[in-house]
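*Asks:* Below is the sequence, then the predicted model.
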Amino acid sequence: MSEFICIGHRGACGYEPENTLRSFEKAINMGCPWIELDVYSVENELLVIHDDSLERTTNGKGEVMDSTLAYLRGLDAGDGQQIPTLNEVVELVDKRCAINIELKGPDTAAPVSAYLGSLCENGWHEDHFLFSSFNHAELAKADVRFRRGALFRKQVPDYFQRTARLQAYSINLSIKLAEQNLVDEAHDHGLKVFVYTVNKVKDIQQMVKMGVDGVFCDYPDRVFAALGRP
């Protein structure tokens, strides 16, 4: 069995404000081989934030896509942290871990693909990145040289027709969907299985027993504790 992967969900957002540089640094320092983040494209800048609206994670108001870049960059995203750009996160990571980029905002596949392409001309490798999205139409527009993870939050009858159309590398399932027969079938289709968001040690241990390939976790140290790693 391949090594069980801990993916720092929005960094280590159980400990630091989500999707901030401080959160990503915390996840890396905890030993995460992967971090996960969310991207919108605003005024030709790729911004890292999860929600369509600003109220939950910042001191701002309104919708991300209705806001100016200057307004968004001036907000407090928690403990004085700024909404980071994708480039700022990449510079912080500096190849210390891989990055799962979830396409959240509209029309993000093309600019993110172009940006990652430029990185791969300057020392990064395609395997440092994984695209994912619930919006499979947008995900299908991502550059095919980068791996794709098809996100699912609800049960569907045609998981593997969808992943096949996407040429997906992984199926990324809500924990409520993670059942043994689905995990086994996904593996039979050559897919990796990553499960979100798995924060309880007993659930992490259950995912290990089930044979999933990794979990997204807000508290990465709990994954390492469940695996018996220091």
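*Replies:* Great, that's in hand. In this text, all values refer to a predicted model and were calculated from it rather than measured experimentally.
*Asks:* Report the beta-bridge partner residues of V195.
*Replies:* Counting by DSSP bridges, V195 forms beta bridges with L173, V215.
*Asks:* Quick check: phi and psi on the spatially most central residue of the chain?
*Replies:* Geometric centre of the chain, nearest residue: E36, 2.9 Å, by CA atoms, centre = their mean. Dihedral pair for E36: phi -120, psi 140, per degrees, to the nearest 10.
*Asks:* Tell me who's in contact with it.
*Replies:* Residues in contact with E36, defined by CB atoms under 8 Å, 6 or more residues apart in numbering, are 7-10, 99-100, 102, 132, 216. Where you see a C-beta, it was placed from the backbone N, CA and C, and this is true even at glycine.
*Asks:* nearest residue to it other than its sequence neighbours?
*Replies:* Nearest residue to E36, sequence neighbours excluded (CB to CB, 6 or more residues apart in numbering): N100, at 4.2 Å.
*Asks:* Would you agree the one you found is in contact with L37?
*Replies:* Yes: contact criterion CB atoms under 8 Å: N100 and L37 qualify, at 7.3 Å.
*Asks:* where does the chain have low pLDDT?
*Replies:* Low-confidence segments of the chain (pLDDT under 70): 1.
*Asks:* re earlier: and the residue nearest to the centre of the chain, how far from D184?
*Replies:* 24 Å (CB to CB, to the nearest Å).
*Asks:* K176 too?
*Replies:* 18 Å.
*Asks:* who has more neighbours, the two?
*Replies:* Under the neighbour definition other CB atoms under 10 Å, K176 and D184 were set side by side, and D184 has more, 13 against 10.
*Asks:* Quick check: closest non-adjacent residue to that one.
*Replies:* Excluding its sequence neighbours, the residue lying closest to D184 (CB to CB, 6+ apart) is G211, at 7.5 Å.
*Asks:* Go ahead and confirm that neighbour touches H187.
*Replies:* Yes: proximity of G211 to H187 meets the contact threshold set by CB under 8 Å, at 7.2 Å.
*Asks:* can you give me the strands for this structure?
*Replies:* 5-9, 34-42, 45-48, 98-103, 129-133, 147-152, 170-174, 192-196, 214-217 (DSSP state E).
*Asks:* Which among those strands is found nearest to E88?
*Replies:* Counting by CB to CB, E88 lies closest to strand 45-48 out of those; the figure is 8.0 Å.
*Asks:* What residues of stretch 177-194 count as buried?
*Replies:* Within stretch 177-194, the residues that count as buried by 16 or more other CB atoms under 10 Å are 177-178, 182-183, 186, 191-194.
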